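Q: using only what follows, build the 3D model:
(4 chains)
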Number of protein chains: 2
Amino acid sequence: MKKYEAISAEIKRRIMEKEYSTDSPIPDEISLAKEFACSRMTMKKALDVLVMEGLLYRKRGHGTFIVKSAIDNKLVNVGTGESLGLTNLLKNKKIESKIVLYEVMFPNEEVASHLSITTKTPVYHIVRLRIVDGEPYVLEDTYMPSDLISGLTEEILHFSIYQYIKEKLGLTIAGSHRKIRACKSNELDQQYLNCASDDPILEVEQVSYLNTGTPFEYSFSRHRYDKFFFTAVSILKP
Amino acid sequence: MKKYEAISAEIKRRIMEKEYSTDSPIPDEISLAKEFACSRMTMKKALDVLVMEGLLYRKRGHGTFIVKSAIDNKLVNVGTGESLGLTNLLKNKKIESKIVLYEVMFPNEEVASHLSITTKTPVYHIVRLRIVDGEPYVLEDTYMPSDLISGLTEEILHFSIYQYIKEKLGLTIAGSHRKIRACKSNELDQQYLNCASDDPILEVEQVSYLNTGTPFEYSFSRHRYDKFFFTAVSILKP
DNA sequence: GAGTGGTCTAGACCACGGG
DNA sequence: CCGTGGTCTAGACCACTCG
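A: Next up, the predicted model:
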């Protein structure tokens, strides 16, 4: 365990357990560094994590304070997210997957360009309906290069592709770029998400990358508008 | 100008001008630190900025590489955004504002709780239609404590509230928490955004904070679904 | 082993806000 | 003035990947 992560976790615990007052600043960086027997730079890095998560804010010349609203609201932080994939995000829920389509094909120009491959490189094309606690939740339309993500089976698709990539293929997922938009529902949405023809859809277009910088997934997640929203924390530079 | 920002900007320039190959790593941190006459920690911080923006990625034991797709797509980075407000985001466009409603009122429970005030504290309630290059773009429904954001005039509402807060009131905006969702359009949307009754809306619910941690704005921005999408860069921890 | 980025140190000075 | 956080330094050792 990295030192700054351990410190960060301990301070987070103290905040959540209300061991620090929300009316006065938490102890200053130098005192905390002394308490945790680390340098001030390391202490700062530990606090940086919590500032990023929206739990703390700093006032130059004053100190570091707790964001009051952060204690009650358990934010799903997406800005610098901890994990990707439904299986990770909804750990307490029962998640099922219905495979709507599973094929190997040559990508069109658009898909190929987002995956940084040619139209001659075969890709998996997967359409999955994800069902959370018995309710249809999201329809995922996913493209992955078949040589990169090899050995996919229907059994894996019924569970978690991300877990397979990490644990069985030993690849490291580095992050993703997303575009979030609203759009009209199409027939496929209506059929599988069980929604009305005038129900909107929240669509997340996503390119995910390995730590090698290689894109491994280009996907469109189409969410029921009443079952999902996206959260983001934005911190401006001074 | 801070040193690491200046270095960061210069490296960004080099990437955009294609002065570095995208097939090999950019120079290592120690060489770059030497070139820019700074310590390695400062160099690292400068590169951190570009990693956050999705322009670079690092491979331990290998080097630091350019994200190929980042050069073409000019991402509007929202994750750790540079600025808030339309006036900043769309600098090249002609932005007009039509004031639909402008009143002072007592907030309901929901608004009060998000602004961390009581229902006895008066707030401005502002509904503005923002028009970009002559096209209706977003309908903003905004609540602000009137004692905090004092001296608002219609003239300011026609231009930029954020700029007024920063430049005239001398307050510093620290960041915001957002929820992004899709929803159905209502009559107000249809009237002002000039959209059909079955057109969806991309709604951004936002609480914005000053650097004091005080919430100063609770707003709902309702966007035409065909004129706006939200982008986010997500970087996972190793 | 050589070279990379990742973490950490023990200081230094600066910028800001308050008394 | 003092105390706060913000930046910066010149090193150190570790973890990882490759030849």
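Q: low-scoring pLDDT stretches of chain A, where are they?
A: Filtered on pLDDT under 70, chain A yields the residue ranges A:69-92, A:211-213, A:233-238.
Q: contact partners for the residue in it positioned nearest to chain B?
A: For chain A, the residue closest to chain B is A:P200, as judged by C-beta to the nearest C-beta, at 3.0 Å. C-beta: built from backbone N, CA, C; applies to glycine. Residues near A:P200 by C-beta atoms under 8 Å, 6 or more residues apart in numbering or on different chains: A:A182, A:C183, A:K184, A:S185, A:Y225, B:A182, B:C183, B:K184, B:P200, B:I201, B:Y225.
Q: same thing with A:F216?
A: For A:F216, the contacting residues are A:L115, A:M144, A:P145, A:L148, A:I149, A:I165, A:L171, A:I173, A:S208, A:Y209, A:L210, by C-beta under 8 Å, 6+ apart.
Q: that one falls within a strand, correct?
A: Yes. Judged by DSSP: H, G, I helix; E, B strand; the rest coil, A:F216 forms part of a strand.
Q: how is chain A partitioned into domains?
A: Here the domain assignment for chain A is A:3-69, A:76-231, based on automatic domain parsing.
Q: ok, which of these comes nearest B:D28?
A: domain A:76-231 (16.6 Å; C-beta to C-beta).
Q: and the host helix or strand of A:A46, how far out from the chain's middle?
A: In this assignment (DSSP states H and E), A:A46 forms part of helix A:40-52. Its chain's C-alpha centre and that of helix A:40-52 lie 22 Å apart, by C-alpha atoms, centre = their mean, to the nearest Å.
Q: same question, stretch A:127-141
A: Taking the mean of its C-alpha atoms, stretch A:127-141 sits 17 Å from the chain's own mean (C-alpha atoms, centre = their mean).
Q: indicate whether it makes contact with chain B.
A: No. Judged by C-beta under 8 Å from any C-beta of the partner chain, stretch A:127-141 stays clear of chain B, getting no closer than 12.4 Å.
Q: who are the packing partners of the helix or strand following the helix holding A:A46?
A: Per DSSP H and E, the first helix or strand lying C-terminal to helix A:40-52 is strand A:56-59. With contacts defined as 3 or more C-beta pairs under 8 Å, 6 or more residues apart in numbering or on different chains; DSSP states H and E, strand A:56-59 has these neighbours: helix A:40-52, strand A:63-66.
Q: can I get these in JSON lines with distance to DNA strand C?
A: Below are the helices and strands packed on strand A:56-59 laid out as JSON lines (distance: least, C-beta to the nearest atom of the strand, whole Å):
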{"stretch": "helix A:40-52", "distance to DNA strand C": "3"}
{"stretch": "strand A:63-66", "distance to DNA strand C": "10"}
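Q: circling back to that earlier point, of all the domains of chain A, which one is nearest DNA strand D?
A: Closest approach to DNA strand D among the domains of chain A is made by domain A:3-69 (3.1 Å; C-beta to the nearest atom of the strand).
Q: show me how far the closest one is from its chain's centre.
A: The answer for domain A:3-69 is 24 Å, by C-alpha atoms, centre = their mean.
Q: beta-bridge partners for A:Y124, please?
A: Beta-bridge pairing for A:Y124 (DSSP bridges): A:V104, A:M144.
Q: surely it touches A:S150?
A: No. Using C-beta atoms under 8 Å, A:Y124 is not in contact with A:S150; the gap is 9.7 Å.
Q: the more surrounded of these two?
A: Comparing A:Y124 with A:S150 by other C-beta atoms under 10 Å in any protein chain shown, the one with more neighbours is A:Y124, at 20 against 10.
Q: what residues does chain A put near DNA strand C?
A: A:2-4, A:37-42, A:45, A:59-62 (C-beta under 7 Å from any atom of the strand).
Q: of those, list those near DNA strand D.
A: Contacts with DNA strand D within the residues of chain A next to DNA strand C, counted by C-beta under 7 Å from any atom of the strand: A:R40, A:M41, A:K59, A:R60, A:G61, A:H62.
Q: wait, what's in contact with A:L115?
A: For A:L115, the contact set (C-beta under 8 Å, 6+ apart) comprises A:P107, A:T121, A:V123, A:Y143, A:M144, A:P145, A:V207, A:P215, A:F216, A:E217, A:Y218.
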